[in-house]
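Novice: For reference, the sequence and a predicted model appear below.
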Amino acid sequence: MGVLTVSSRELNQDVGRAKRAAEEGPVVITDRGRPAHVLLSWAEYRRLSGGPRNLAAVLAAPSLSDIPFEPEKLGLKAREVEFY
């Protein structure tokens, strides 16, 4: 799996080539000679991102129970309200 680097101009001229290359590995897209974006196949993106997640799945993850979480108490106090 090699990395192909293309300029923004080259990408605009031949999008198909970049898409085919992304099936083999990441395609780095440069802007003014500097890396600006990465084109990945959908399968590679899903692999890297860990697939779809929803809030229930994240909260149910056993790894979250290992994270210590003790929020600081703010010490807010109620005060009397005067109605006129």
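Specialist: Great, that's in hand.
Novice: Just the pLDDT for the residue nearest the centre of the chain.
Specialist: Centroid-nearest residue in the chain: S49, 7.0 Å away (criterion: C-alpha atoms, centre = their mean). The score at S49 is 83. That number is its pLDDT.
Novice: same check, this time on L4
Specialist: Taking L4 on its own, its pLDDT is 91.
Novice: Backbone dihedrals for it, both of them.
Specialist: Here is the backbone geometry of L4 (degrees, to the nearest 10): phi -100, psi 140.
Novice: in what helix or strand does P71 lie?
Specialist: In this structure, P71 is located outside every helix and strand according to DSSP states H and E.
Novice: do the same with G51
Specialist: Using DSSP H and E, G51 falls outside every helix and strand.
Novice: Tell me where the chain has helices.
Specialist: 8-13, 15-22, 42-49, 55-60 (DSSP state H).
Novice: Throw these into JSON lines and include distance to I67, thanks.
Specialist: Where C-beta positions appear, they are placed from N, C-alpha and C, glycine not excepted. Formatted as JSON lines, those follow (distance: least, C-beta to C-beta, whole Å):
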{"stretch": "helix 8-13", "distance to I67": "40"}
{"stretch": "helix 15-22", "distance to I67": "35"}
{"stretch": "helix 42-49", "distance to I67": "20"}
{"stretch": "helix 55-60", "distance to I67": "12"}
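Novice: To G33, which of those helices lies closest?
Specialist: The closest of the helices of the chain to G33 is helix 8-13. By C-beta to C-beta, the value is 10.3 Å.
Novice: Name the residues that touch that closest one?
Specialist: With contacts defined as C-beta atoms under 8 Å, 6 or more residues apart in numbering, helix 8-13 is touched by 18, 29-31, 36.
Novice: From those residues, pick the one nearest L76.
Specialist: Distances from L76 to the contacts of helix 8-13, taken as C-beta to C-beta, are shortest for A36 (46.3 Å).
Novice: Run a quick neighbour tally on that closest one.
Specialist: 12 (other C-beta atoms under 10 Å).
Novice: ditto for V38
Specialist: 13.
Novice: Same question for V27.
Specialist: 23.
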